[in-house]
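Novice: just the structure for this:
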Amino acid sequence: MMQALGESLLAIMEQSGVMDAEVEARIATGLTRPDFFDWPGHLRREVLPSDPELVVVMFGANDAQGIQLPDGSVRRRFEQGWLDEYRRRVGEVMDLLRDPEGDRLVVWVGQPPMRPGTVAGVEKMNAIYWEEARERPWVVYFDSWPFLATTEGQYADYLPNAAGQAERVRKQDGIHLTREGADRLAAEIYERLTRLVDLSASQYSPPADDLAAVRRAGAYRATTPGPRADRVRLALESAGLRSHRGRRSHRGGACLQGRRRLSSVFGRRLHREIGG
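Specialist: Okay, the predicted model is just below:
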């Protein structure tokens, strides 16, 4: 999921001229199988030492599987013990990403609708992300569902573009995003960021017609409790995208960090707009 979105976000950040971005991703990873890939450990070792100001995270597409509790017992997906442990892990990552000085914004991107018969329980995971984010003023939840769903809020392989022509936004597997779908979502994430931090010096110009097409196609219905929060971080799932000065690598996926170029307004806006 995050490979394509990370690349699209990276392209926007490079065009902006105000953030140096780095994409990180691990295929087929998430929060349910730290024995396969330990995202909290990876964040501690590889992401946080660079002290990012902006982190965009996405998880979930690989998490609909059994989960092992700290006592060694295993819970089947979406039973109560599974939900409780998954919520604990989500909160752990959110707390881990908090900056001690309150100078970091985390944007958690929810999962889009999945083709029936593929990834189950996306709505349950999205609800956990939203509920945990609203308890943490440094985290903003971004609901991707409206921008990749029909007007009825359902999954779609194709959605209309600005010309009204059908554009494929999902790959054949009914899970991952095509380049067009990733570009569509990345443009909306960037638009949300402009409301949260001062990007007035950015050289990126969003394609207005494309955004209008997205809004015409989007259902704009909340698929999780409460509003589609105006808070943001980038993407961890099988991915993470970071942006910072002086260094860049592309490992596939997405986790974005923004460095000191945002700091003059970041602290004030974060505390004023998200209640910290």
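Novice: now the stretch 1-150 of the chain, which segments are flagged as low pLDDT?
Specialist: Filtered on pLDDT under 70, the stretch 1-150 of the chain yields no residues whatsoever.
Novice: let me see the ranges of the strands in it.
Specialist: With strands called from DSSP state E, counting those that start in this stretch, the stretch 1-150 of the chain shows them at 21-25, 54-58, 67-68, 74-75, 105-109, 139-142.
Novice: direction included, what does the third one pair up with?
Specialist: It refers to strand 67-68. If you go by DSSP bridges, strand 67-68 pairs up with strand 74-75 (antiparallel).
Novice: now the helices for the protein?
Specialist: With DSSP state H as the definition, the chain shows helices at residue ranges 2-16, 39-42, 80-96, 122-134, 179-196, 208-217, 263-274.
Novice: the first one - contacts with which helices or strands?
Specialist: When contacts are defined as 3 or more Cβ pairs under 8 Å, 6 or more residues apart in numbering; DSSP states H and E, helix 2-16 packs onto strand 21-25, strand 54-58, helix 179-196, strand 239-243. The C-beta positions use only the backbone N, C-alpha and C, and glycine is treated the same way.
Novice: buried residues in that helix?
Specialist: Neighbour-count burial for helix 2-16, with 16 or more other Cβ atoms under 10 Å as criterion, is recorded at 2-10, 12-13, 16.
Novice: circling back to that earlier point, any idea which of the strands of the stretch 1-150 of the chain is most buried?
Specialist: Neighbour counts (mean count of other Cβ atoms under 10 Å) averaged over each of these peak at strand 54-58, with a mean of 31.
Novice: ok so, going back, to E132, which of the helices and strands packed on helix 2-16 lies closest?
Specialist: When the helices and strands packed on helix 2-16 are compared by Cβ to Cβ, strand 54-58 sits nearest E132, at 11.8 Å.
Novice: could you dump the closest one to PDB, C-alpha only?
Specialist: Only the C-alpha atoms of strand 54-58 are listed here, as PDB (Å, rounded to 0.1, in the frame of the first residue of the first chain):
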ATOM      1  CA  LEU A  54       6.800  15.700  10.400                       C
ATOM      2  CA  VAL A  55       6.100  11.900  10.300                       C
ATOM      3  CA  VAL A  56       3.400  10.400   8.100                       C
ATOM      4  CA  VAL A  57       2.400   6.900   9.000                       C
ATOM      5  CA  MET A  58       0.200   4.100   7.600                       C
END
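Novice: now the angle from it to strand 21-25?
Specialist: Direction vectors for strand 54-58 and strand 21-25, defined by axes from the mean of the first three to the mean of the last three Cα atoms, to 10 degrees, enclose an angle of 30 degrees.
Novice: how far out from the middle of the chain is strand 54-58?
Specialist: When distances are taken as Cα atoms, centre = their mean, to the nearest Å, strand 54-58 is centred 6 Å away from the chain's centroid.
Novice: packing partners of it?
Specialist: Using 3+ Cβ pairs under 8 Å, 6+ apart, the elements in contact with strand 54-58 are helix 2-16, strand 105-109, strand 239-243.
Novice: between those, which gets nearest to E180?
Specialist: Of all these, helix 2-16 comes closest under Cβ to Cβ, at 9.5 Å.
Novice: which pLDDT value goes with R251?
Specialist: R251 carries a pLDDT score of 28 in this model.
Novice: hmm, L54 is touching R104, no?
Specialist: Yes: counting by Cβ atoms under 8 Å, a contact exists between L54 and R104, whose distance comes to 7.2 Å.
Novice: closest to L31 out of the strands of the stretch 1-150 of the chain?
Specialist: Checking those against L31 by Cβ to Cβ gives strand 67-68 as the closest, at 8.5 Å.
Novice: could you report the neighbour count for R45?
Specialist: Around R45 sit 10 other residues, with neighbours defined as other Cβ atoms under 10 Å.
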